[in-house]
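*Asks:* Pasting the sequence and the predicted coordinates here, then a few questions.
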Amino acid sequence: MAGLQPPPHFGHVSFDSYVPDPYYVSQSAAVAAARAFVEASAPPVKRRLFRKATPPEARPGIYFDGGFGVGKTHLLASVWHAAPAPKAFGTFVTYTHLVGALGFAGAVEALSDRTLVCIDEFELDDPGDTVLMSSLLMALTQRGVRLAATSNTLPDALGEGRFAAEDFLREIQGLSAHFDVLRIEGVDYRHRGVPRAPRPRPVEEVLAAAQTPGATLDRFDDVVSHLAQVHPSRYAQLIAGTALVAWTDVRQLTDQSEALRFVVLVDRLYDNDVPVVASGESVGHIFAPDMLKGGYRKKYFRALSRLAALAEAKA
């Protein structure tokens, strides 16, 4: 429970540090709405005899809807930082793991004293987990807990008038009336002006980068094999204290299980701002083309965006 807070990458963000793209007014509007959501969750002021009429009570949930790299997690973490304590922040998977560890009733009890629960990367590709999370959030709203969430829209769905919100509101069913949806349009800020995938490095550069204090050096296949021996919930501990990861002989992943485990590793590397230096196949082509058309494509696209950002950090 003590770890339910934004990861280091978002440990000090705020509404003021969010830089809206001037070409997309929805980004500035989202910041204003997020600020209002936090203000609505503040403890009520002492009652006065003469005061302005109280505005209608805001919905207890807010949902940031948009594509990759428009700043949804930045805004979610900013909401968390600005909200009164006690509060909780975690990914969708974090909360499913919490239920697995404490049981459903135990998780509800542990979270019910929070003023706010933030859920990043709400996943809609597993019906069982979606129903579980919907039930958990419903139980929390009944106890007065406010909610904030994000999930991703595929890049090729942008501009079609249909973001992830339709899927999100349908899957959470009875909870949909509790959420205000903030649609955020824009391009991936991580790669503004850098449209190409990072180039693979010569082996000599990878070996030189691996001399950085705190760096690791592994063959890519060894990394993939080791991930199968460690539960994904422990990947954060796996990279704890790592300053840089260096991989040689990167290849394209064609096995779904290997690819999904790798996605979790990329998320944890990104959370902790760990740069990546790699030789072999470009990290921009690390997932087989058919995977980018399948049921887990949202996860793969997010991982590609984040992995490219980590590789560019050492370009």
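*Replies:* It's in. Numbers count the residues shown, from 1 in each chain.
*Asks:* Might one say that V206 is in contact with A246?
*Replies:* Yes: if you go by CB atoms under 8 Å, V206 and A246 touch, sitting 4.9 Å apart. All C-beta spots, glycine's among them, are computed from the backbone N, C-alpha and C.
*Asks:* which residues are common contacts for the two?
*Replies:* L217, V277, A278 (CB atoms under 8 Å, 6 or more residues apart in numbering).
*Asks:* And the contacts of the strand or helix carrying the last one?
*Replies:* This means A278. According to DSSP states H and E, A278 maps onto strand 276-280. Outside strand 276-280, the residues that touch it by CB under 8 Å, 6+ apart are 200-203, 205-206, 209-210, 220, 244-251, 269, 283, 307, 310-311, 313-314.
*Asks:* which of V206 and A246 has more neighbours?
*Replies:* Comparing V206 with A246 by other CB atoms under 10 Å, the one with more neighbours is A246, at 24 against 20.
*Asks:* Once you drop chain neighbours, what's closest to that one?
*Replies:* Leaving aside its sequence neighbours, A246 sits nearest to A210 (CB to CB, 6 or more residues apart in numbering; 4.0 Å).
*Asks:* got it, and L260?
*Replies:* Nearest to L260 is Y296, by CB to CB, 6+ apart, at 6.4 Å.
*Asks:* Need the pLDDT of that neighbour.
*Replies:* Y296 is assigned 81 on the pLDDT scale.
*Asks:* same check, this time on A311
*Replies:* 86.
*Asks:* Give me the below-cutoff pLDDT ranges for the stretch 151-300 of the chain.
*Replies:* Scanning the stretch 151-300 of the chain for pLDDT under 70 picks out 152-176, 188, 190-198.
*Asks:* Look up phi and psi at Q229.
*Replies:* When read as degrees, to the nearest 10, the backbone of Q229 gives phi -100, psi 0.
*Asks:* Number of residues surrounding it?
*Replies:* Using other CB under 10 Å: Q229 sits among 6 other residues.
*Asks:* out of the shared contacts of V206 and A246, which are buried?
*Replies:* Among those, those scoring as buried are L217, V277, A278 (criterion: 16 or more other CB atoms under 10 Å).
*Asks:* out of everything not next to it in sequence, what's closest to the first one?
*Replies:* Here the nearest residue to L217 in space, its sequence neighbours aside, is A210; by CB to CB, 6+ apart that works out to 3.8 Å.
*Asks:* check contacts around that neighbour.
*Replies:* By CB under 8 Å, 6+ apart, the neighbours of A210 are T216, L217, L244, A246, V277.
*Asks:* element containing Q27?
*Replies:* Under the assignment here (DSSP H and E), Q27 is part of helix 25-40.
*Asks:* and that helix, which residues are buried?
*Replies:* S26, Q27, A30, V31, A33, A34, F37, V38.
*Asks:* ok, the third one to C118 distance?
*Replies:* Yep, that's A30 we're talking about. 15 Å (CB to CB, to the nearest Å).
*Asks:* which residues in the chain form helices?
*Replies:* With DSSP state H applied, the chain shows helices at 25-40, 72-82, 92-102, 104-111, 127-141, 165-171, 203-209, 220-227, 235-238, 256-271, 297-312, listed in chain order.
*Asks:* Tell me which of those lies nearest to P7.
*Replies:* helix 256-271 (3.3 Å; CB to CB).
*Asks:* angle of that closest one against helix 72-82?
*Replies:* If you take axes from the mean of the first three to the mean of the last three CA atoms, to 10 degrees, helix 256-271 sits at 50 degrees to helix 72-82.
*Asks:* Tell me which other helices or strands helix 256-271 touches.
*Replies:* Here helix 256-271 touches helix 220-227, helix 235-238, helix 297-312, going by 3 or more CB pairs under 8 Å, 6 or more residues apart in numbering; DSSP states H and E.
*Asks:* I'd like to know how far F15 sits from F122.
*Replies:* The value you get for F15 to F122, if CB to CB is used, is 21 Å.
*Asks:* Run a quick neighbour tally on Y23.
*Replies:* 9.
*Asks:* about what we covered before: what angle separates the strand holding A278 from helix 220-227?
*Replies:* Going by the same axes, to 10 degrees, strand 276-280 makes 120 degrees with helix 220-227.
*Asks:* mind checking pLDDT for the closest residue to Y189 other than its chain neighbours?
*Replies:* Closest residue to Y189 apart from its sequence neighbours, by CB to CB, 6+ apart: G69 at 4.9 Å. At G69, the model reports a pLDDT of 79.
*Asks:* for Y95, same thing?
*Replies:* In this model, Y95 is scored at 93, pLDDT.
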